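K.L.:
Okay, sequence plus prediction incoming.
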Amino acid sequence: MLPLSNYTICIVPLRKITKVLFKEVIYLMQKDFLLEWRQKYAFNGMLLYVSSTVFVCYLSFGLRSNALQVPVWNALFWIIMLFTSVNAIAKSFMQENRGRLLYFYSIVSPQGIILAKILYNACLMLVLALICFVFYAFVLGNPVEDIPMFLLSILLGAIGFATSLTMISGIASKAANSSTLMAVLSFPVIVPMLLMLIKMSKNAMDGLERAASLDELLTLLAINMIVVTVSYILFPYLWRS
Amino acid sequence: MKKNWWKILTVLLLVFTVAVGMLSEVPRLAILNETIRNLYFHVPMWFGMILILLVSVVYSIKYLRKPSFRNDIIAHEAAKVGILFGVLGIVTGMEWAKFTWGEYWSNDPKQNGAAIGLLIYFAYLVLRSSFAEQQQRARISAVYNIFAFAALIPLLFILPRLTDSLHPGNGGNPGFNAYDLDSSLRMVFYPAVLGWTLLGVWIINVKSRLELLRQRIYENV
């Protein structure tokens, strides 16, 4: 009987811990959304950032709609997305003031914080990416043939950027010159993801059959999972300081 | 003396690699010709780099589990030696590419991956230098080291296999058997890998001991 009782003893706290974690994540996300809603400056700022970047691209290419070649259109879109996400996510830890961080430190687990931040950033990036896509397609023409597939790559891109950049912004926020460091640390880490995304969205733009992008899709999911797992394990060490 | 047998082994292996690698008979292959001897110098650099960066990550993990100055020093020195090997690997590879592929840089996925990998570790050095406080520097750079290594794995081992590469062994089969590594090449290649990696370990050993001594002097001043 002993092994069985041991087993039950083990299992109950585990379930409880997951439940508590889940609750924490929900609360923290609510807090982030609420803050965003009240202040709005971050989101509106990013919106303006996206639209002015797209407009600058439009002006500097000096072209009418549909005159951009497909690979150029694709590369430009993802570069805009990359810079937007670096700028948007860099704030996720820097905007919190010291007292609030200390308060969180005393009441919630670090895992809860990183998961909540990742989820919140993923939502934020998704909204920004969709707006960016619509505006970009509107201004520079829309050569995409397989739109659902392209939207899927945007979804994966938003999640992927959010997962890897959240951890990086946590690291960078501890350092002195964090905004420079954010770019330096994140670009090399994000390149594998970016290459996959560009290839996948290129397939979608050319309207290739969807099975052709399966490799990229699975690799992206795998990279995302690796990054989330590593962030989940490592964040407590970062949080302690 | 008994503890230093591996240093003697390193010297012997490297002398063997250079002497036999330069003088021995190699297979005559079109385009490659004599440049195939670079196999003993270019490829072991990558093996050595991966192994040494692995050492660095292991010590970073050890640091997070049990913070000590020694673990941090070894992780840092190993990362630096890994960068050295990476730079040498890129330089020898570019030289080789010039003679066989016709260009120093031919947009090959492995070349690009290697360059990005180096950028990651340069970023690690930049990150380290931006902290004044020692313990914070050690912990946060350990976190980044582990995180970056996890991101480096798909870059170096998965992505090149999904795309066509000029490197042998790509576009399907993972190994380097496409080289037709015959037994005479293997005879030198494996000792070369071992020898260069041991040399890297030796450098780490000397440099981290030096660093530890320097630290002790600072503490006693």
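P.N.:
The structure has been received and is ready for your questions.
K.L.:
B:Tyr59 versus B:Gly82, what's the distance?
P.N.:
For B:Gly82, the distance to B:Tyr59 under the criterion C-beta to C-beta, to the nearest Å works out to 12 Å. In short, each C-beta sits where N, CA and C put it, glycine included.
K.L.:
And the residue nearest the centre of chain B, its phi and psi?
P.N.:
Of all residues in chain B, the one closest to the mean position by C-alpha atoms, centre = their mean is B:Met49, 1.2 Å from it. Reported as degrees, to the nearest 10, the phi and psi values for B:Met49 are phi -60, psi -50.
K.L.:
Who are the contact partners of residue 49?
P.N.:
Because you didn't say which chain, this covers chain A. Residues near A:Tyr49 by C-beta atoms under 8 Å, 6 or more residues apart in numbering or on different chains: A:84, A:87.
K.L.:
was after chain B, sorry
P.N.:
Neighbouring residues of B:Met49 by C-beta under 8 Å, 6+ apart: B:82, B:85-86, B:89.
K.L.:
cool, and A:Gly207?
P.N.:
The neighbours of A:Gly207, taking C-beta under 8 Å, 6+ apart as the test, are A:145-146.
K.L.:
Which strand or helix spans A:Gly157?
P.N.:
Per DSSP states H and E, A:Gly157 falls inside helix A:147-173.
K.L.:
swap in A:Phe55?
P.N.:
Under DSSP H and E, the secondary-structure element containing A:Phe55 is helix A:41-61.
K.L.:
How far off centre is that helix?
P.N.:
Taking C-alpha atoms, centre = their mean, to the nearest Å, one finds helix A:41-61 lying 18 Å from the centre of the chain it belongs to.
K.L.:
Just the pLDDT for the residue nearest in space to the middle of chain A.
P.N.:
Chain A has A:Ala162 as the residue nearest its centroid, 1.5 Å off, counting by C-alpha atoms, centre = their mean. At A:Ala162, the pLDDT value in this model is 90.
K.L.:
What residues does chain B have near chain A?
P.N.:
Applying C-beta under 8 Å from any C-beta of the partner chain, we find that chain B lies next to chain A at B:64, B:116-117, B:119-120, B:123, B:126-127, B:130-132, B:136, B:139-140, B:142-144, B:146-148, B:150-151, B:153-155, B:158-159, B:162.
K.L.:
Show me the residues you listed that map onto helices.
P.N.:
In helices, judged by DSSP state H, the following of the residues of chain B next to chain A are found: B:64, B:116-117, B:119-120, B:123, B:126-127, B:136, B:139-140, B:142-144, B:146-148, B:150-151, B:153, B:159, B:162.
K.L.:
Next to chain B, which bits of chain A? Give me the list.
P.N.:
Taking C-beta under 8 Å from any C-beta as the criterion, chain A approaches chain B at residues A:164, A:167-168, A:171, A:174-177, A:181, A:184-185, A:187-189, A:191-192, A:195-196, A:215-216, A:219, A:222-223, A:226-227, A:230-231, A:234, A:237-238, A:240-241.
K.L.:
Now restrict these to buried residues only.
P.N.:
If you count burial by 16 or more other C-beta atoms under 10 Å in any protein chain shown, the buried members of the residues of chain A next to chain B come out as A:164, A:167-168, A:171, A:174-175, A:181, A:184-185, A:187-189, A:191-192, A:195-196, A:215-216, A:219, A:223, A:226-227, A:230-231, A:234, A:237-238.
K.L.:
quick one: contacts for residue 50?
P.N.:
No chain in the question, so chain A it is. A:80, A:84, A:128, A:131-132, A:135.
K.L.:
Please refer instead to chain B.
P.N.:
Applying C-beta under 8 Å, 6+ apart to B:Ile50 gives the contacts B:Leu156.
K.L.:
likewise A:Lys202?
P.N.:
Residues touching A:Lys202, when contacts are defined by C-beta under 8 Å, 6+ apart, comprise A:70-71, A:74.
K.L.:
filter those residues to the buried ones?
P.N.:
A:Asn74.
K.L.:
between the contacts of A:Lys202, which is closest to chain B?
P.N.:
Of all these, chain B sits closest to A:Pro71, with 13.8 Å by C-beta to the nearest C-beta.
K.L.:
Now do the same contact list for that closest one.
P.N.:
Contacts were defined as C-beta under 8 Å, 6+ apart; by that measure A:Pro71 touches A:Lys202.
K.L.:
Would you map the helices across the chain?
P.N.:
The chain I'm using is chain A. In chain A, the helices defined using DSSP H lie at A:2-39, A:41-61, A:70-94, A:98-107, A:110-140, A:147-173, A:178-206, A:214-239.
K.L.:
that answer is for a different chain, and I need it for chain B
P.N.:
Counting by DSSP H, the helices of chain B are B:5-23, B:42-65, B:69-100, B:109-129, B:134-153, B:159-162, B:183-220.
K.L.:
Check which residues of the fifth one are buried.
P.N.:
If I follow you right, that is helix B:134-153. Of the residues in helix B:134-153, those buried under the neighbour-count criterion (16+ other C-beta under 10 Å) are B:137-152.
K.L.:
Over to the longest one?
P.N.:
Of the residues in helix B:183-220, those with enough neighbours to count as buried (16+ other C-beta under 10 Å) are B:185, B:188-189, B:191-204, B:207-208, B:211.
K.L.:
Low-confidence stretches in chain B?
P.N.:
B:1-2, B:26-33, B:159-184 (pLDDT under 70).
K.L.:
Quick check: B:Ile116 touching A:Ile190?
P.N.:
No - look at B:Ile116 against A:Ile190 with C-beta atoms under 8 Å: they stay out of range, at 9.9 Å.
K.L.:
Confidence-wise, which helix or strand of chain A is lowest on average?
P.N.:
Averaged element by element with mean pLDDT, DSSP states H and E, chain A has its least confident helix or strand at helix A:2-39 (a mean of 70).
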